[in-house]
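[1] Just a sequence and a predicted model for now, questions to come.
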Amino acid sequence: MSAALGLGEVEELLGSVADLPRFLTAKELDEGSLGLARQHPGTVRVRRIGQTTHGDALIGLEAGEGDRTALIVGGAHPNDPVGTLTTLEIARALAEHPKAAAQLGTRFVLLPALDRDGLRLNEGWLTSSFSFVRYAHHGYRPPPSHQKEWCFPYFAPAYDFSAAPSETQALARLIDTLRPSLLVSLHNSTAGGAYFYLNRPHEELQSALVGPPRALGLPLEPALPSDPWGTILAPYVLRAPSTHEAVQYLLHRGLDPRRVLRQGAGSIEYAESLDPRVLGLLSEVPLFADPRSGDTSEAPADRATLEAGRLERRSRVVNLLRSAYQTLRREGSLRPGTFRDCLESLLDFPSRREGLEPVPDPPGPVTHAEVFRKEVDARVTDLRLLGTLHRFIGEQAVPGTFAREGLLRSTEDQINSVAHWLENDLKGRRTAIPTLVKAQMGAVFLAATFR
């Protein structure tokens, strides 16, 4: 260990988490940051990091002291709101427990919402009581080429990316200035369990990371790569994604990276290019914690039947997306727009994956965790696709026309069907927000201790 922070001190820091009944808007996050600085003058400091694509200020915080720096990024994906609150609560905990903060010997620089503009497009579900219908109608997740954490410049003979938006440029300048020894990106899933990504093997930390979720009653989800080039480091830890590794994998198999990939380098990958010693961590926690996601016992199910069912449901959704897009294109009503970009990226995805080897199935018989991924988690993705379609129609179709009203009705029918299934299946599994925040804080403080 590089800092003497024991279990008692970690529990003390987590005990500072406020009662958090709902997520905050972008404006409320700014107000919360400024409020913490006023409550703890000199201990919590406001830092202007840059501005968003739409010209709003990116506000960050500093707390703690030391010769090492930890950079903690929330809201990298705008539909991952847990980390926005975790950053504020880390600053509060360090201010209210100076002895434990001193033992860490670390200056924490905290960015509550990297994609602040995108967060505003999610506020319709963030600030109300959760329902899956509301989540679909008001959700937004940008396509890979617009994801602020994955738009860092990348240049190689076979693939390059240079379209870094304002937020990515601001974060890059911050990394250039700070040269952090630890970079943490805070994420959440909709349903499942907790799991992690690290940019390199770290046996002590890999073992320690599972402690906070277990203590808080969160299931741990077995690590399973989403891409064939992904790597498992430990049962609940994946290797952090790397665009360079993806490019090399594709070239080795004779595939053109320009056809498959749409993103730049990631924030951790960029930080590594400046200092290979940096420790990078991504923490994932679930809005709906479901023990089935971590149940590796054998399930009475057939893998081929499970996959066929998933593909059949996904095909119906994608066909609806494609039909709606083609209808509006034939009418000549398409124009530039946020949700047009999202939908075109979704429709482009299957062709970009042609020729890729599928991610291997887990060894052995079908487990309850695999059934959960194929039946529950896959339906969450279906709902997100349908929600994108719903917002695309609202953005692009001419109000009052038959096309708009007909497409909206058919899309809403599908949303209601999938949402009803999920609400019945996940009933009563919504995780309290403070529990999720504590789980992420535990991962951050452990990483700061073990790096």
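    Great, that's in hand.
[2] my read: Val285 touches Gly442, true?
    No: contact between Val285 and Gly442 fails when scored by Cβ atoms under 8 Å: they sit 10.3 Å apart. C-beta: built from backbone N, CA, C; applies to glycine.
[3] Okay, and the most centrally placed residue in the chain sits in which element?
    In the chain, the residue lying closest to the centroid (Cα atoms, centre = their mean) is His187, at 3.7 Å. Using DSSP states H and E, His187 sits in strand 182-192.
[4] just for the protein, where's the confidence low?
    1-7 (pLDDT under 70).
[5] can you rerun that using 90?
    Low-confidence segments of the chain, defined by pLDDT under 90: 1-13, 15-16, 18, 100, 128, 331-333, 358-363, 398-405, 450-451.
[6] Would you map the strands across it?
    For the chain, the strands defined by DSSP state E occupy 44-51, 57-63, 68-73, 106-111, 154-156, 159-161, 182-192, 195-198, 232-234, 237-239, 279-289.
[7] Run the angle between the last one and strand 68-73 for me.
    Right, strand 279-289. Put simply, strand 279-289 runs at 40 degrees to strand 68-73, going by axes from the mean of the first three to the mean of the last three Cα atoms, to 10 degrees.
[8] Return strand 279-289 as PDB; C-alpha atoms alone will do.
    The C-alpha trace of strand 279-289 is given here as PDB (Å, rounded to 0.1, in the frame of the first residue of the first chain):
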ATOM      1  CA  LEU A 279      -3.600   3.600 -12.700                       C
ATOM      2  CA  GLY A 280      -6.900   3.700 -14.500                       C
ATOM      3  CA  LEU A 281     -10.200   2.400 -13.000                       C
ATOM      4  CA  LEU A 282     -13.800   2.200 -14.300                       C
ATOM      5  CA  SER A 283     -16.400   1.400 -11.700                       C
ATOM      6  CA  GLU A 284     -19.800   0.000 -12.700                       C
ATOM      7  CA  VAL A 285     -22.800  -0.200 -10.400                       C
ATOM      8  CA  PRO A 286     -26.500  -1.100 -11.200                       C
ATOM      9  CA  LEU A 287     -29.600   1.100 -10.700                       C
ATOM     10  CA  PHE A 288     -31.400  -2.200 -10.300                       C
ATOM     11  CA  ALA A 289     -29.300  -4.700  -8.300                       C
END
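[9] and that strand with strand 182-192, angle?
    20 degrees.
[10] how far out from the middle of the chain is strand 279-289?
    Remark: strand 279-289 is offset 8 Å from the chain centroid, using Cα atoms, centre = their mean, to the nearest Å.
[11] list the helices and strands it packs on?
    Strand 279-289 sits against helix 82-96, strand 182-192, strand 195-198, helix 267-274, helix 433-450, with contacts defined as 3 or more Cβ pairs under 8 Å, 6 or more residues apart in numbering; DSSP states H and E.
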